[in-house]
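> following is a predicted model, sequence given first.
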Amino acid sequence: MKAIGENSVKLGVCYYPEHWPEKLWKNDYERMKELGFSYVRMAEFAWTIFEPEEGKFSFELFDEAIDLAHECGLKVILGTPTATPPAWLTHKYPEVLNKRQDGVQFQHGMRRHYNYNSSKYRELTTKLVERLAEHYKDHPGVVGWQIDNELNCETNEFYSTSDHNAFRQWIKEKYKSLENLNNAWGAVFWNQTYTKWEQVFLPRPTIANSPNPHQALDEKKFFSDSAISFAELQANIIRAASPTQWVTTNGMFGHLDNHKLVENVLDFYAYDSYPNFGTIIPDDTSKPLRDRKWSWNLSKVRSICSNFAVFEQQSGPGGWVNRVEQPSPKPGQMRLWTYQSIAHGADMILYFRWRTSTKGSEIYWHGINDYHNQPNRRVKEVQTISDEIGRVGEKIFDSKYEASAAIVHDYNNEWDGEMDTWHGPYTKKSEESWFKAFQYNHIPVDSLHFNDRTDIKHLKEYKVLIYPHPAILNKEYSVLLEQFVEQGGTLIVGCRSGYKDTTGQPYMMKTPGYLSELTGVTVEDFTRIASTQPEPHISWNATSEMNKAGDFNEVLALNNSESQIILARFEGTYYDKQPALVKNAFGEGNTYYFGGVFNLEIATNLLKELNLDDETNIVAPENIEVAIRTKNEKKYIFILNYSDESQKLILKKNMRELISDEIQSGYIEIDPFDVFIYETELN
């Protein structure tokens, strides 16, 4: 993340000077510096402060706040305040407001209630951002910009009149003719054929709430392009005024191609990390991850941008007045979550927020400081983190996460799977099961995004790719996967693979479609597993171990028995003893096709089959996460204890622990929520 112009991991905080009396500002800034903070982020919700009336701009409040922050040695990240349009704007121009699918218009009073495609909103946004960029382009304290705030948070669906009109134009540009559109949407079914462009809308309410699935897939792509266009509008203005100030935005929310956003618009990506959500989300799966699940979220962020920033790192219990009922982080958890972000690629961490708000919906979304502004244990914990980062931050800055395996995903299947329950829910379940298997076996794993810009070089960075249920898979993607396996890679796929084209229409060929030759199988029979019937099992040929195999089953036929091995068969159903898991040799590599949905037990057994190397020389229990970052022939092994109990480690060789600067070996005890970073030579 060299775009930020640093050479060490840096800390900072979110601050809202407009919320507090001016007499508090200097003391706040001075205490930030005492805590070792370098950055302060502000202004992303302050449109009315900057423009109290249409066309009348005022910079006094933030000029004073930014000048003072700069005097105190802090670098300022300015947000463009377009996430919360002013009351004067929404009252005068109600067309800027978003609508629900049924046409009900959202009103002023929360945030993110506008739509990206309103020409009036884009016009007023342009004027505001131009004035902001021009005013702060030469300010020595302003180093970068955050566009808007959490694009597509709160809602990621847009049905205003402006959106319907923009969608119609987007569709015309994509398909060129109504004939192409009708073919792509399968409009001949149920007589949905369009004969004039003005008949085309975003999906609207239908009987049984079941819109055309191919139209719904295009809808998600349109929502994404709309958000990216809105971000690009602002980024272009800022860069024209000041090419030396970097541009980013924060989030990772639905119906947004974040990879395209970064490639086309941003200098780097920023994420908002709130692991405490994992403690309140119901999870009845085997060995739930809880706050450790955020390591998977961070892995997805890393697939967008290998080194990134965290613009909101959780620093206290979260809660709005009417939702999000989180417990307080236990002593040590804020430090643990900070290193969790760093271990996965974060080079800048900003805590949310400096002080808990006394106003509005977030009066229970706690910051580092409480309302009383007196010392507390969270302030003390941040001081500990800051002291440690001061010692180790330069070494680990701009290092790269190291993994020999990746879980593959793509937006087509993600968005199509929102409606299509014949494959969508399976991906989430399988991804989490595989991530758990890697985590609990202490094998680092990446998230790899598959798109039109992916080439064989990206795939060959890994020994193993797990692509759980790519229902949508075109010939070009399958050829790329063939090249990967042929050149020595290992590919693992599950049921419901390869049977749809990029419009979401099934191929008229045997499943798994273009993957059939690569995997060496075709699907002879299939069934969903109803909740009213006994759950089938698979039996592993090598060990006779039995694992549950629910949700969906496919009976596999082998194309070429000479290159194939049946690793497991179904048990306890009408397709008893039929192949369930097949290994196929292809070129220098292998594929594994499982005719089912992966669970933790099946993923763990397959992981043993892969024989991935342990590169850590550390033996650790399941409660420990192991992550590896590398730089300049050095390997940095992060050991993260997510348990509220001490854990035992075994170090097979002498290693320097960076935080304590001690040489350790043999049996080591790590305290509850503690973190170690071991430095070793890169093999």
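Received the coordinates, thanks.
> low-confidence regions, the stretch 1-150 of the chain specifically.
1-2 (pLDDT under 70).
> just the strands in it please.
Using DSSP state E, counting those that start in this stretch, the strands of the stretch 1-150 of the chain run over 10-14, 39-42, 75-79, 142-146.
> so which of those strands gets nearest Leu567?
Among the strands of the stretch 1-150 of the chain, the nearest to Leu567 by CB to CB is strand 10-14 (48.2 Å). Any C-beta I mention is one placed from the backbone N, CA and C, and that applies to glycine too.
> residues contacting that closest one, please?
4, 32, 35-42, 74-75, 77, 311-312, 347-354, 367-368, 382, 385-386, 389, 393 (CB atoms under 8 Å, 6 or more residues apart in numbering).
> tell me the strands beside it, with direction?
strand 39-42 (parallel), strand 346-352 (parallel) (DSSP bridges).
> got the angle for the longest one vs strand 75-79?
Translated: strand 346-352. Between strand 346-352 and strand 75-79, the angle comes out at 70 degrees (axes from the mean of the first three to the mean of the last three CA atoms, to 10 degrees).
> give the buried residues for strand 346-352.
Neighbour counts over strand 346-352 (16 or more other CB atoms under 10 Å) mark 346-352 as buried.
> stretch 485-499 too?
485, 489-499.
> could you point out which element follows the biggest helix by length in the chain?
Longest helix in the chain, counting residues (DSSP state H): helix 213-241. Following helix 213-241 in sequence order, the next helix or strand is strand 246-248 (DSSP states H and E).
> what is that next one packed up against?
Where contact means 3 or more CB pairs under 8 Å, 6 or more residues apart in numbering; DSSP states H and E, strand 246-248 is packed against strand 142-146, helix 213-241.
> now those in TSV, with distance to Ser8 and mean neighbour count?
Below are those laid out as TSV (distance: least, CB to CB, whole Å; neighbours: other CB atoms under 10 Å):
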stretch	distance to Ser8	mean neighbour count
strand 142-146	15	23
helix 213-241	26	21
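> okay if I get these as a markdown table plus distance to Tyr575?
Shown next, in a markdown table, are these (distance: least, CB to CB, whole Å):
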| stretch | distance to Tyr575 |
| --- | --- |
| strand 142-146 | 54 |
| helix 213-241 | 28 |
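> what's the closest of these to Asn156?
With CB to CB as the measure, helix 213-241 is the member of the helices and strands packed on strand 246-248 nearest Asn156 (6.2 Å).
> how about the helices of the stretch 501-650 of the chain, start to end?
For the stretch 501-650 of the chain, applying DSSP state H, counting those that start in this stretch gives helices covering 516-519, 600-610.
> shaky segments in the protein?
Ranges of the chain meeting pLDDT under 70: 1-2.
> longest strand in it, please.
Scanning the chain for the longest strand, with DSSP state E as the assignment, gives strand 647-657.
> partner strands of that strand, parallel or antiparallel?
For strand 647-657, pairing defined by DSSP bridges yields strand 618-619 (antiparallel), strand 662-670 (antiparallel), strand 675-681 (antiparallel).
> put the alpha carbons of the longest one into PDB.
Listed next in PDB are the C-alpha coordinates belonging to strand 662-670 (Å, rounded to 0.1, in the frame of the first residue of the first chain):
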ATOM      1  CA  GLU A 662      12.500 -12.800  22.600                       C
ATOM      2  CA  ILE A 663      13.900 -16.100  21.200                       C
ATOM      3  CA  GLN A 664      11.400 -18.900  21.900                       C
ATOM      4  CA  SER A 665      11.300 -22.600  21.300                       C
ATOM      5  CA  GLY A 666       9.700 -25.800  22.600                       C
ATOM      6  CA  TYR A 667       6.500 -25.600  24.600                       C
ATOM      7  CA  ILE A 668       5.000 -22.100  24.700                       C
ATOM      8  CA  GLU A 669       1.900 -20.800  26.400                       C
ATOM      9  CA  ILE A 670      -0.100 -18.000  24.800                       C
END
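> what about it, distance to the chain center?
Centroid separation for strand 662-670 versus its chain: 34 Å, with CA atoms, centre = their mean, to the nearest Å.
> let me see the domain layout of this protein.
2-157+225-398, 405-610, 618-681 (automatic domain parsing).
> how far off centre is the second one?
If you compare the mean C-alpha spot of domain 405-610 with that of the full chain, they lie 22 Å apart, counting by CA atoms, centre = their mean.
> picking that back up, and the buried ones among the contacts of strand 10-14, selectable in PyMOL?
Selection of buried members from these for PyMOL, criterion 16+ other CB under 10 Å:
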select buried, resi 4+32+35+36+37+38+39+40+41+42+74+75+77+311+312+347+348+349+350+351+352+353+354+367+368+382+385+386+389+393
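> sorry, back to before: what's the longest strand of the chain in contact with?
617-621, 623-624, 637, 639, 641, 662-670, 676-680.
> how about 10 Å then?
With contacts defined as CB atoms under 10 Å, 6 or more residues apart in numbering, strand 647-657 is touched by 614, 616-624, 626, 635, 637, 639, 641, 662-672, 674-680.
> about what we covered before: ok, which of the strands paired with strand 647-657 comes nearest Phe158?
strand 675-681 (41.4 Å).
> ok, and for that closest one, which residues are buried?
675-680.
> same thing with stretch 592-599?
Buried, per 16+ other CB under 10 Å, within stretch 592-599: 592-599.
> which pair in these spans the largest distance?
Across these (CB to CB), the longest gap, 16.5 Å, separates Tyr593 and Asn599.
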